[in-house]
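# pasting the sequence and the predicted model now:
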Amino acid sequence: MTKRTAFKTAILCAGLIVPLALTATAAWADPVEDFYKGKNVSLIIATGPGAAYDFYGRAVAKHLGQFIPGNPTVTPQNMAGASGFRAGNHLYSIAPKDGTVIATFNNAVAFYQVMGQPGIQYKAENFSWIGSVPQDTALVAVWHTTGVKTIEDAKKIEVVMGATGAGGNFAGHVALLNSVLGTKFKIVTGYDGGNSINLAIERGEVSGKANTTWAAFKSITPQWVTEHKIVPLVQFGLLKDPELPNVPLLTELAANDEQFRMFDLVASTVAIGQPFAAPPNIPQDRLAALRRAFDQTLRNAAFRADAAKLAAQVEMNPTSGDELTAIVKRTVETPAALVEKVRLAMEVKGAKGGAE
């Protein structure tokens, strides 16, 4: 081979290698990373500012982006209203189905659907479930001046309880106790979230609230706990808070098997924790990436340090997207007869409007 021929051959080989290298690079490119690079992901929080859900939503938003391929900016956005229905409806029907909008709402998102709450336009089983922050048991608690120390006392003394809408668990948990156990709680609706109800308690407008964890009380209103101003009456959950061993679980108050099954359905929402989801039918590779990023976020030391500010111990193992999907499916498949009994029991009768 002459030098001239050898040179031509080398040029030809180089010409072949470059396209092959470019093809290999393209083959190894991450389409999820390419999609998210330089983008903004909106994280909708279905409560007003200051509540525990808002705190965790913002904590996740602060850290999530570093674990999503392409490292997009994650921006929290409050969308309070209708006990979370507004955010759920927006995520389901309006938000783009490309993985650039996700949301967090309360753990009763599937339960509300099963109960047939008016205003719901989503099907919870169709959301693209990402994962969940584990949640403590929810309490029904009253102000120390009411004279009510137990559920038995609440059967004799009327206590005014603050709530959001008639369809949410702030009202529904209280209505259930009235209907099944004979308590005399009076429900005042119209507040825009747990923080507003707290202010109403301090102003003397109402004297108690439901659907709030002990950790939230300790963080948001710590003086209520240290000064024994708030009295927990019953725990809506599967396990007792370790600091409240003498406060009964809802299921422990059941007088028969039917009541137990009703109470268990209501309490099972705690298994959902604080869920995070994307709209239905987002690309599967992006959903998988969001799930991995969420899992890494909850295991991240910086996130856990932020969570500790809420006086809460976040479990090392967050609820996975697959587990959430299974829990929601089980909830929406609850036998209709049992659902109807619970629905009627949680129907708010004679509630008065409060704050707008």
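That came through, no problem.
# going forward, measure contacts between C-alpha atoms and count neighbours the same way
Will do.
# check residue 245 and give its pLDDT.
We have a pLDDT of 95 for residue 245.
# give me the number of residues near it?
By other C-alpha atoms under 10 Å, 10 other residues sit near residue 245.
# try residue 334
13.
# which one is it nearest to, not counting chain neighbours?
Leaving aside its chain neighbours, residue 334 sits nearest to residue 114 (7.9 Å; criterion: C-alpha to C-alpha, 6 or more residues apart in numbering).
# phi, psi of the one residue sitting closest to the centre of the chain?
What sits nearest the mean C-alpha location of the chain, by C-alpha atoms, centre = their mean, is residue 274, with 2.6 Å. Torsion angles at residue 274 (phi, psi; degrees, to the nearest 10) stand at phi -100, psi 100.
# how much space is there between it and residue 109?
10 Å (C-alpha to C-alpha, to the nearest Å).
# show the contacting residues for the residue nearest to residue 334.
331-332, 334, 339 (C-alpha atoms under 8 Å, 6 or more residues apart in numbering).
# dump those to a markdown table, plus pLDDT, distance to residue 159 and secondary structure.
As requested, these are exported to a markdown table (pLDDT from 0 to 100; distance: C-alpha to C-alpha, whole Å; DSSP: H, G, I helix; E, B strand; the rest coil):
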| residue | pLDDT | distance to residue 159 | secondary structure |
| --- | --- | --- | --- |
| 331 | 89 | 31 | helix |
| 332 | 90 | 33 | helix |
| 334 | 89 | 32 | coil |
| 339 | 93 | 27 | helix |
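# now the buried members of those residues.
By neighbour count, with 16 or more other C-alpha atoms under 10 Å, the contacts of residue 114 hold 331-332, 339 as buried.
# closest one to residue 173 out of the residues you listed, please.
Comparing the buried ones among the contacts of residue 114 against residue 173 with C-alpha to C-alpha places residue 339 closest, at 14.7 Å.
# wait, that closest one touches residue 116, no?
No - assessed by C-alpha atoms under 8 Å, residue 339 is found out of contact with residue 116, at 9.4 Å.
# that older thread, which of the buried ones among the contacts of residue 114 lies closest to residue 166?
Among the buried ones among the contacts of residue 114, and counting by C-alpha to C-alpha, the member closest to residue 166 is residue 339, at 17.5 Å.
# for stretch 74-92, buried residues please.
Those buried within stretch 74-92 under the rule 16+ other C-alpha under 10 Å are 74, 76-92.
# show me the contact partners of it.
Outside of stretch 74-92, the residues within contact range by C-alpha under 8 Å, 6+ apart are 40-49, 54, 57-58, 61-62, 64-65, 101-103, 105-106, 109, 119-123, 127, 164-165, 167-169, 192-193, 278-280.
# do a quick rundown of the helices in the stretch 1-150 of the chain.
For the stretch 1-150 of the chain, applying DSSP state H, counting those that start in this stretch gives helices covering 3-28, 31-36, 52-64, 85-89, 109-115.
# mean confidence for the last one?
Predicted confidence along helix 109-115 averages 88 (mean pLDDT).
# with the longest one instead?
Taken as a whole, helix 3-28 has an average pLDDT of 50.
# stretch 51-60 too?
In the prediction, stretch 51-60 has an average pLDDT of 87.
# got it, and stretch 257-269?
89.
# same thing with stretch 301-315?
Average pLDDT, stretch 301-315: 73.
# then stretch 139-146?
Rounded mean pLDDT across stretch 139-146 is 97.
# and that stretch, which residues are buried?
Across stretch 139-146, burial judged by 16+ other C-alpha under 10 Å covers 139-144, 146.
# in TSV: these, plus distance to residue 210.
Below are those laid out as TSV (distance: C-alpha to C-alpha, whole Å):
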residue	distance to residue 210
139	6
140	4
141	6
142	9
143	12
144	15
146	15
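# where in the stretch 201-350 of the chain is pLDDT low?
Residues of the stretch 201-350 of the chain meeting the criterion pLDDT under 70: 310-317, 350.
# chain center to stretch 156-167: distance?
22 Å (C-alpha atoms, centre = their mean, to the nearest Å).
# buried stuff in that stretch?
Buried residues in stretch 156-167 (16+ other C-alpha under 10 Å): 158-167.
# nearest residue to residue 154 in space, please, no chain neighbours.
Closest to residue 154 by C-alpha to C-alpha, 6+ apart is residue 183, at 5.2 Å.
# pLDDT score for that neighbour?
Among the per-residue scores, residue 183 shows a pLDDT of 97.
# using the three-state scheme, assign it.
Classification of residue 183 by DSSP: H, G, I helix; E, B strand; the rest coil places it in coil.
# quick one on the thing from earlier: give the bridge partners for the residue nearest to the centre of the chain, please.
Following DSSP bridges, residue 274 is listed with bridge partners residue 133.
# check contacts around it.
Here residue 274 is in contact with 53, 104-107, 132-135 (C-alpha under 8 Å, 6+ apart).
# so how far is residue 56 from it?
Taken as C-alpha to C-alpha, the span from residue 274 to residue 56 is 8 Å.
# now for those two: what residues contact both?
residue 133.
# domains of this protein?
Annotated domains of the chain cover 33-135+272-339, 138-269 [automatic domain parsing].
# out of those domains, which is closest to residue 345?
Using C-alpha to C-alpha, the domains of the chain put domain 138-269 closest to residue 345, at 5.1 Å.
# chain center to that closest one: distance?
For domain 138-269, the distance to the chain centre is 19 Å (C-alpha atoms, centre = their mean).
# now do the same end-to-end measure for that domain.
Domain 138-269: ends 10 Å apart by C-alpha to C-alpha.
# what's the answer for stretch 181-188, then?
OK, stretch 181-188 end separation, C-alpha to C-alpha: 20 Å.
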